[in-house]
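Colleague: Next come a sequence and a model predicted from it.
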Amino acid sequence: MVLERIESLLSIKKGYFVIFLLVAVDLVAKYIAEQSLNFGQPVPLIPIVDFLLVFNSGIAFSILDFNNSFLSFGLSFIGLLIVGYLHSLYKNEESQINRISLILIISGALGNILDRLADGVVTDFLFFHVGNTSFFIFNFADAFISIGAAIFFLMEFKKFLQNRLE
């Protein structure tokens, strides 16, 4: 029992280190994008993804992007509250895969919050499109959040189905 608890704490601490690394990767990538790309000028990367520097004062997919600093910092505060809640889930989560998904979500949220706190906007630089059809512009933090949320949802859905079949 005690050994399992120590192992669990070590695993949680490793998760904090991974969160730190992912936030650092995100913020460094945003910095490089800001230094290397011209605003609004696409640079082809692969057929469906271009580099395209834009700034988003809203939330995902530019929802609430009104260029309002009060709203932007309000979103940061709400984001911090959500990160606090996700952290409490993370500390109590027993499933390793759910912990990984929460690490990804927390990392992405912190990366975007820290970026937003600097100047009220989030730097996006990866433009996903198919041919002339545009889908979205995102950053690594957005990808971490999306992948983590998808994993978490799938695991919870799997658990739900298993409980219904029992």
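Modeller: Yep, it's here. For clarity, every value in this text was computed on a predicted model and none was experimentally measured.

Colleague: use CA for all of it now, contacts and neighbours both
Modeller: OK.

Colleague: Could I get the full set of strands for this structure?
Modeller: Assigned strands in the chain, in chain order: 43-46, 49-56, 122-130, 133-138 (criterion: DSSP state E).

Colleague: by contact count, what packs against the second one?
Modeller: Helices and strands touching strand 49-56, by 3 or more Cα pairs under 8 Å, 6 or more residues apart in numbering; DSSP states H and E, are strand 43-46, strand 122-130.

Colleague: Of the ones you listed, which is nearest residue 97?
Modeller: Of all the helices and strands packed on strand 49-56, strand 122-130 sits nearest to residue 97, with 26.8 Å by Cα to Cα.

Colleague: show me where pLDDT drops low in this protein?
Modeller: Judged by pLDDT under 70, the chain has its weakly predicted residues at 1-10, 58-72.

Colleague: By residue count, which helix of it is the longest?
Modeller: Counting residues, the longest helix in the chain under DSSP state H turns out to be helix 2-36.

Colleague: Report the buried residues of it.
Modeller: If you call a residue buried by 16 or more other Cα atoms under 10 Å, then helix 2-36 has these buried ones: 8, 12, 15, 18-20, 22-23, 25-27, 29-30, 33-34.

Colleague: how near is the residue nearest the centre of the chain to residue 24?
Modeller: Centroid check for the chain by Cα atoms, centre = their mean gives residue 108 as the closest residue, at 2.2 Å. Between residue 108 and residue 24 the distance is 10 Å, computed by Cα to Cα, to the nearest Å.
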